[in-house]
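# The sequence isn't on hand, but the structure is:
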Ligand code: 4AD
Ligand code: MG
């Protein structure tokens, strides 16, 4: 009887083999091919790791003579023997015994050996994950995503998938995408749309934050977190804003701002440590190609205590800095990205929390401090990016919260259920939102949010 065919293995596993292997099956895509008189070399990648597997073909054997279409980009299934490689820089190579060209490629495959600019690669989002950089981004993204769940699960937090369609603007900033199934093609004639005829019987939107829902669950399960897609229609075409991004929002009952800061710092350090451990090869690649000193930066962050300064102190530092900023600095004005970056990069040199912002520039749900003019807010800022976390202690006092909503002219009747939480078993509570892509930028050193999202949504961009 014939031997059973070998089970498929990955390049990742083969490159970590401890002894030669007789029968191996590997499936992947050609990164490069070099044809010689005696041998043909193919660098095969199957996405399991950054490195390619060198596959050696003997073209004198008819069954191993590769057709022209087995070129860069083609997909192959190769059976062969894993043997020690005489070549420098790699321990193993595969000597092909049998090959199937599953899908041929052509010379106009866009990812040839030369390095491409990120801007060009964004126009081929269907192919860019086949490049080294974007393959590494995808693996690190996967590891970071799972690390976040693992961290909170290990701390006993309950996962709440918050709804993506909502009727409330959690941030009160009016940056929502409307969701409708009404046919509005004839609606320009000046006649107002009757939203009561819409799917939900009223206007509906894509969520900007799952925080309010998380607060409901925190009043039952103590510590909870959401982690899912979030949408913002801010028309800010910056390198740090996307219209669709992932946000992780932990919410803790019986917690104040101090506890919120402690949990935020512990969280960031813990997930960085996990990714550092799980993606050494990809992070080293980013260290060499994208941000020199990245690994040192990450190690330093995991070891150092994050600084905490008040907004008032931050404004003083900025006023005394002697820097010429584009946007004005002054108590009561929001910190712009250039201010945040000065504080974290030039002044402190590592991540820091800025706390106690003026009430007027922060959301309605933040807890008022005893000074009457600031709220128990916290933003975590990191070098190279600026804000990565935004959070606060929440206003648990019914009268203060009601006043906040009214002062801002928000429709109080829509917050009835949110106010109920302050009427039935109200408890101090706090939480924050961590922008997943911002953290990805920090971990990879990539400076544009479009390059850490598989399919970025930004103004005017939705092709993929
Ligand atoms: O500071 P933000 O707006 O806070 C909230 O949404 C709160 N409800 C969070 C909470 O307390 N539960 O957003 C939180 C984080 C920001 O710090 C930033 O990292 C990220 O979300 N973020 C964005 N990331 C990418 N693109 C955008 N347009 C983003 N807007 C916010
Ligand atoms: Mg914020």
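Good, I have the coordinates. Every value quoted in this text rests on a predicted model; they were computed, and no experiment measured them. Ligands and ions are numbered 1, 2, ... in the order given.

# which parts of the protein sit against ligand 1?
Residues of the chain that fall close to ligand 1, judged by Cβ under 6 Å from any ligand atom: 170-171, 209, 211, 232, 234, 241-242, 245, 247, 249, 387-392, 431-433, 435, 437-438. C-beta: built from backbone N, CA, C; applies to glycine.

# Would you agree residue 98 is in contact with residue 76?
No. The criterion here is Cβ atoms under 8 Å, and residue 98 misses it with residue 76 at 10.7 Å.

# If you count surrounding residues, which of these two has more?
Higher neighbour count among residue 98 and residue 76: residue 76, with 22 against 13, using other Cβ atoms under 10 Å.

# what is that one paired to in the beta sheet?
For residue 76, the beta-bridge partners under DSSP bridges are residue 28, residue 101.

# In contact with it: list those residues for me.
For residue 76, the contacting residues are 27-30, 42, 44, 55, 70, 99-102, by Cβ atoms under 8 Å, 6 or more residues apart in numbering.

# Out of those, flag the one nearest to ligand 1.
Nearest to ligand 1 out of those is residue 29 (Cβ to the nearest ligand atom; 31.2 Å).

# For burial, what's the neighbour tally of the closest one?
Neighbour count for residue 29, taken as other Cβ under 10 Å: 21.

# ditto for residue 250
28.

# quick one, phi/psi of it?
Per-residue torsions, residue 250: phi -80, psi 150 (degrees, to the nearest 10).

# With residue 371 instead?
When read as degrees, to the nearest 10, the backbone of residue 371 gives phi -70, psi -10.

# Same list (the contacts of residue 76) but as TSV, adding pLDDT.
Listed next are the contacts of residue 76 as TSV, based on pLDDT from 0 to 100:
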residue	pLDDT
27	98
28	98
29	98
30	98
42	98
44	98
55	98
70	98
99	98
100	98
101	98
102	98
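
# Just among the residues you listed, which is most surrounded?
That'd be residue 42 among those, by other Cβ under 10 Å, with 27 neighbours.

# Go ahead and confirm it touches residue 30.
Yes. Using Cβ under 8 Å, residue 42 is in contact with residue 30, at 5.5 Å.

# intersection of neighbour lists for these two?
Counting by Cβ under 8 Å, 6+ apart, the residues touching both residue 42 and residue 30 are 70, 76.

# just curious, which of the contacts of residue 76 is nearest to residue 275?
Distance to residue 275 across the contacts of residue 76 (Cβ to Cβ) is lowest for residue 28, with 24.3 Å.

# Helices of the stretch 351-464 of the chain, residue ranges please.
In the stretch 351-464 of the chain, the helices defined using DSSP state H, counting those that start in this stretch lie at 398-407, 416-423, 436-444.

# Point out the most buried one among the ones you listed.
Greatest average neighbour count among the helices of the stretch 351-464 of the chain goes to helix 436-444 (a mean of 24), per mean count of other Cβ atoms under 10 Å.

# That helix - contacts with which helices or strands?
helix 132-154, strand 244-253, helix 257-278, helix 280-289, strand 386-393 (3 or more Cβ pairs under 8 Å, 6 or more residues apart in numbering; DSSP states H and E).

# which one of those lies closest to residue 332?
Taking Cβ to Cβ, strand 386-393 is the member of the helices and strands packed on helix 436-444 nearest to residue 332, at 17.8 Å.

# and the angle for that closest one with helix 436-444?
130 degrees (axes from the mean of the first three to the mean of the last three Cα atoms, to 10 degrees).

# can you give me the offset of strand 386-393 from its chain's centre?
In terms of Cα atoms, centre = their mean, to the nearest Å, the gap separating the centre of strand 386-393 from the centre of its chain is 15 Å.

# just stretch 264-274 next, same as before
In this view, stretch 264-274 has its centroid 14 Å away from the chain centroid, taken as Cα atoms, centre = their mean.

# What residues sit buried inside that stretch?
By 16 or more other Cβ atoms under 10 Å, the buried positions in stretch 264-274 come out as 264-265, 267-274.

# Need the contact partners of it.
Applying Cβ under 8 Å, 6+ apart, the contact partners of stretch 264-274 are 143-144, 147-148, 150-152, 250, 298, 301-302, 305-306, 351, 353, 378, 380, 388-389, 391, 432, 434, 439, 443.

# one more time with 6 Å
The contact list for stretch 264-274 (Cβ atoms under 6 Å, 6 or more residues apart in numbering) reads 147-148, 151, 298, 302, 306, 380, 389, 432.

# Now, of those, which are buried?
The buried subset of those - by 16+ other Cβ under 10 Å - is 147-148, 151, 298, 306, 380, 389, 432.

# Any chance of the helices and strands packed on helix 436-444 in JSON lines with distance to residue 118 and mean pLDDT as columns?
What follows is the helices and strands packed on helix 436-444, written out as JSON lines (distance: least, Cβ to Cβ, whole Å; pLDDT from 0 to 100):
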{"stretch": "helix 132-154", "distance to residue 118": "8", "mean pLDDT": "98"}
{"stretch": "strand 244-253", "distance to residue 118": "18", "mean pLDDT": "98"}
{"stretch": "helix 257-278", "distance to residue 118": "21", "mean pLDDT": "98"}
{"stretch": "helix 280-289", "distance to residue 118": "12", "mean pLDDT": "98"}
{"stretch": "strand 386-393", "distance to residue 118": "20", "mean pLDDT": "97"}
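
# Next up, the contacts around residue 446.
Contacts of residue 446 (Cβ under 6 Å, 6+ apart): 290, 452.

# Next: the one 3 residues further on.
Contacts of residue 449 were listed using Cβ under 6 Å, 6+ apart, and they are 240, 242, 437.

# Check those residues against ligand 1 and report the nearest one.
Nearest to ligand 1 among these: residue 242, at 4.3 Å, using Cβ to the nearest ligand atom.

# Can you tell me the element the closest one falls in?
When elements are assigned from DSSP states H and E, residue 242 belongs to no helix and no strand.

# quick one: contacts for it?
Residue 242 is in contact with 449, 456-458, counting by Cβ under 6 Å, 6+ apart.

# in the stretch 101-250 of the chain, which spans are strands?
With strands called from DSSP state E, counting those that start in this stretch, the stretch 101-250 of the chain shows them at 158-159, 165-166, 178-179, 204-206, 223-231, 244-253.
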